[in-house]
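> predicted model follows, preceded by the sequence.
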Amino acid sequence: MTDASLPVPGPFAALRRVAREQQVWLVSALILVALAMFDTPQAGASAGFAFDALLSTGPYLILSIAIAAWAGATGADNLIAKAFTGAPLVMIGVAALAGAISPFCSCGVIPLIAALLAMGVPLSAVMAFWLASPIMDPSMFVLTAGVLDLEFAVAKTLAAIGLGVFGGLVVHVLARGGALSDPLREGVGNGGCGGARVRAPKPVVWRFWAEPERRAKFGKNALTTTLFLAKWLTLAFILESLMLAWIPAETVTAALGGQGLLPILTATLVGVPAYLNGYAALPLVGGLIEQGMAPGAGMAFLVAGGVTSIPAAMAVWALARPQVFGLYIGLSLTGAFASGLLFQLWAAL
């Protein structure tokens with residue numbers, strides 16, 4: 001049998017391959033085309049929203065991408081990984097605390113999460129950091145204290161740490177039973193195999209730019225991570241713009257009013273699809289509380305919306321295997337409801 005007998009890929013095969021590789025970009029383009037045909041003003045608004053959102057998160061994304069690429073090029077990723085190893089319970093607590101005070105947004109932290117998991121860092125510590133990070137950061141603390149009050153800001157910070165610890169412990173128990181051994185999707189990072197580099201680290205070369213091979217590795221890692229984030233975040237921000245446009249704030253207000261356990265549960269569930277933005281949601285929650293909404297419901301809404309916002313959730317979906325994504329969402333909702341309930345009990349004292 002000669003090579004001539006082998007099938008030659010035609011143009012349709014090439015198109016299918018491109019469509020499969022670029023399906024996320026195609027979905028974003030199709031949404032905008034459909035909007036341009038049926039709702040032209042919204043098409044422009046959604047494109048502008050996505051552009052502005054990418055621009056506003058750009059500094060955090062650039063910083064996190066640069067850190068991840070630098071860590072890989074220098075070999076410093078071994079040191080970062082070692083910082084997340086040790087006694088599991090201690091590392092879970094440290095990771096949750098670091099997540100609650102880190103300045104990274106829920107999207108900007110994704111490259112670091114991918115790097116940590118690829119290096120074999122235990123998922124329990126990574127999950128603790130992952131869950132706590134979107135809920136609170138220094139600027140969010142200041143704004144929360146100003147729009148609501150200092151007590152609410154402190155409680156939300158404690159909720160972030162508590163959710164991180166809770167999620168990390170659950171993952172730790174599951175991992176001891178043999179579950180979640182390979183959390184990353186195929187083709188993202190190198191899965192748990194990176195743990196070998198943690199056990200047998202190589203010397204760190206801080207001046208990586210002096211070696212052509214390391215410079216190339218830095219550029220490749222930075223480009224790959226940038227393209228990965230750009231395609232998923234563009235789609236996520238387009239979808240978020242449609243949520244904001246088609247789910248009026250009045251609907252959220254009506255769903256979150258009232259007292260008792262039901263508003264807290266409702267706020268936990270409504271916080272997922274109706275999430276406005278960590279900063280934009282604060283005035284809404286403040287107004288609802290002034291109108292008589294339970295403070296616990298406001299807390300549940302902010303915590304659930306922060307962790308499961310569309311950009312954050314889609315980034316997790318793109319990065320982790322479905323079972324890890326499901327666990328992330330389940331832990332988020334459970335922790336948000338518990339945070340709201342505990343804050344409501346504290347406010348009643």
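Happy to help now that I have it. From a predicted model like this one, the values you see are computed outputs, not experimental measurements.

> how near is residue 142 to residue 221?
Distance of residue 142 to residue 221, given as CB to CB, to the nearest Å: 33 Å. C-beta coordinates here come from the backbone N, C-alpha and C atoms, glycine included.

> who has more neighbours out of those two?
Neighbour count, other CB atoms under 10 Å: between residue 142 and residue 221, residue 221 has more, with 20 against 11.

> just the pLDDT for that one.
Predicted confidence (pLDDT) for residue 221: 81.

> cool, and residue 13?
At residue 13, pLDDT is 69.

> next one: residue 169
For residue 169, the pLDDT comes out at 94.

> just residue 93 next, same as before
On the pLDDT scale, residue 93 gets 91.

> go on, residue 284?
69.

> same question for the one 4 residues further on.
According to the predicted model, the pLDDT of residue 288 comes to 74.

> now for the host helix or strand of it, which elements pack on it?
Secondary structure from DSSP states H and E places residue 288 in helix 281-290. Judged by 3 or more CB pairs under 8 Å, 6 or more residues apart in numbering; DSSP states H and E, the packing partners of helix 281-290 are helix 138-147, helix 249-256, helix 295-308.

> TSV for the ones you listed, including mean pLDDT and distance to residue 234?
Shown next, in TSV, are the helices and strands packed on helix 281-290 (pLDDT from 0 to 100; distance: least, CB to CB, whole Å):
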stretch	mean pLDDT	distance to residue 234
helix 138-147	80	24
helix 249-256	66	25
helix 295-308	86	19
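
> which stretch among the ones you listed comes nearest residue 208?
With CB to CB as the measure, helix 138-147 is the member of the helices and strands packed on helix 281-290 nearest residue 208 (29.9 Å).

> the residue nearest to residue 27 when sequence neighbours are not counted and residue 134: what is the separation?
Excluding its sequence neighbours, the residue lying closest to residue 27 (CB to CB, 6 or more residues apart in numbering) is residue 235, at 6.0 Å. Per CB to CB, residue 235 is found 18 Å from residue 134.

> with residue 219 instead?
Where residue 134 is concerned, residue 219 sits at a distance of 29 Å (CB to CB).

> of those two, who's got more company?
residue 134 (28 against 12).

> now do the buried residues in the helix or strand where residue 269 lies.
Taking DSSP H and E as the definition, residue 269 sits inside helix 261-270. For helix 261-270, burial by neighbour count (16 or more other CB atoms under 10 Å) applies to 263, 264, 265, 266, 267, 268, 269, 270.

> could you do stretch 327-344 as well?
327-329, 331-344.

> show me what counts as buried in stretch 34-49.
In stretch 34-49, the ones that count as buried by 16+ other CB under 10 Å are 35, 42, 43, 45, 46, 47, 49.

> ok, so of these, who is nearest residue 158?
Of the buried residues of stretch 34-49, the one sitting nearest to residue 158 (CB to CB) turns out to be residue 49, at 32.2 Å.

> identify the residues contacting that closest one.
Shown in contact with residue 49 (CB atoms under 8 Å, 6 or more residues apart in numbering): 237, 238, 240, 241, 244.

> closest to residue 304 among those residues?
Once CB to CB is applied, the member of these that ends up nearest residue 304 is residue 240, at 15.2 Å.

> where does the closest one sit: helix, strand or coil?
helix (DSSP: H, G, I helix; E, B strand; the rest coil).

> that one: what's it in contact with?
Per CB under 8 Å, 6+ apart, neighbours of residue 240: 49, 53, 309, 310, 311.

> how many residues are close by residue 55?
Residue 55: 9 neighbours (other CB under 10 Å).

> quick check on it: phi, psi?
Here is the backbone geometry of residue 55 (degrees, to the nearest 10): phi -70, psi -40.

> relative to residue 237, how far out is it?
10 Å.

> and residue 287, by the same measure?
25 Å.

> these two - which one has more neighbours?
Shown here are residue 287 and residue 237; by other CB under 10 Å, residue 237 has more neighbours (24 against 13).

> circling back to that earlier point, any chance of the contacts of residue 49 in JSON lines, plus pLDDT?
Formatted as JSON lines, those follow (pLDDT from 0 to 100):
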{"residue": "237", "pLDDT": "80"}
{"residue": "238", "pLDDT": "86"}
{"residue": "240", "pLDDT": "73"}
{"residue": "241", "pLDDT": "83"}
{"residue": "244", "pLDDT": "75"}
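
> would you list those in CSV and tack on distance to residue 91?
Shown next, in CSV, are the contacts of residue 49 (distance: CB to CB, whole Å):
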residue, distance to residue 91
237, 33
238, 37
240, 33
241, 38
244, 37
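
> all the helices of the stretch 1-150 of the chain, residue numbers only.
Using DSSP state H, counting those that start in this stretch, the helices assigned to the stretch 1-150 of the chain run over residues 11-21, 23-38, 40-74, 77-83, 88-101, 110-118, 123-132, 138-147, 150-176.

> name the helices or strands packed onto the second one?
If I follow you right, that is helix 23-38. helix 40-74, helix 212-246.

> for residue 120, which of these is the nearest?
helix 40-74 (13.8 Å).
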